[in-house]
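Undergrad: Kindly generate the corresponding structure for this input.
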Amino acid sequence: MAERFKAAVLKTVEDESLPWVQIPPSPHMKTNFYFKNLQKADEQNFQNYLEEKLNRISKLLEEKEEKIADLKANVEYFQKHNAFAVKLDLKIGTGNIIGEEQSHDLFKGIDLAIDRLIAQLRKIKELRKEK
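TA: Residues are numbered from 1 along each chain as shown. Presented below is the predicted three-dimensional model:
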């Protein structure tokens, strides 16, 4: 756990009387983004929103799992149906956990896909505790 906080600390000062320290985020899992039929603005919004939500996933992973985790995020826009398909594929060691969702709202699709991933991670964690 101590290794996680050995990253360099960035010091910034807004006001000379109130210095504060910003600690960089912990090294999250490797994340790859794949887009199909999306506009550049939607791609950037998706990346920013997913990176905010990654904390929910990384909290459930143990430190050693987080270092080897690989997340592939696929998003496809279907113009005919005005819908988005979001697929999150989390590879941990030799296992894969997949959360898929289709929605007319991109952010709702991300939230539901993450909820599916989290439900599966919790189930795996409970099974490990029982053994």
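Undergrad: and after the helix or strand bottoming out on mean pLDDT in the chain, which helix or strand comes next?
TA: Counting by mean pLDDT, DSSP states H and E, the weakest-scoring helix or strand in the chain turns out to be strand 18-22, with a mean of 45. Per DSSP states H and E, the first helix or strand lying C-terminal to strand 18-22 is strand 30-36.
Undergrad: In three-state terms, label the residue nearest in space to the middle of the chain for me.
TA: The residue lying closest to the centre of the chain (CA atoms, centre = their mean) is Leu54, at 2.9 Å. What DSSP: H, G, I helix; E, B strand; the rest coil gives for Leu54 is helix.
Undergrad: got it, and His81?
TA: Per three-state DSSP, the local secondary structure of His81 is coil.
Undergrad: Quick check: the gap between it and Glu101.
TA: His81 is 14 Å from Glu101, where distance means CB to CB, to the nearest Å. For glycine as for every other residue, the C-beta is placed from the backbone atoms N, C-alpha and C.
Undergrad: neighbour-wise, which of the two wins?
TA: Between His81 and Glu101, counted using other CB atoms under 10 Å, the more crowded position is Glu101 (18 against 10).
Undergrad: And whichever helix in the chain runs longest, what does it pack against?
TA: For the chain, the helix with the greatest residue count under DSSP state H is helix 106-130. Secondary-structure packing of helix 106-130 (3 or more CB pairs under 8 Å, 6 or more residues apart in numbering; DSSP states H and E): helix 40-60, strand 83-92, strand 95-103.
Undergrad: and of these, who's closest to Leu71?
TA: strand 83-92 (5.2 Å; CB to CB).
Undergrad: ok, Ala85 - how many residues close by?
TA: Ala85: 17 neighbours (other CB under 10 Å).
Undergrad: Before I go, just wanted to say thanks for your time.
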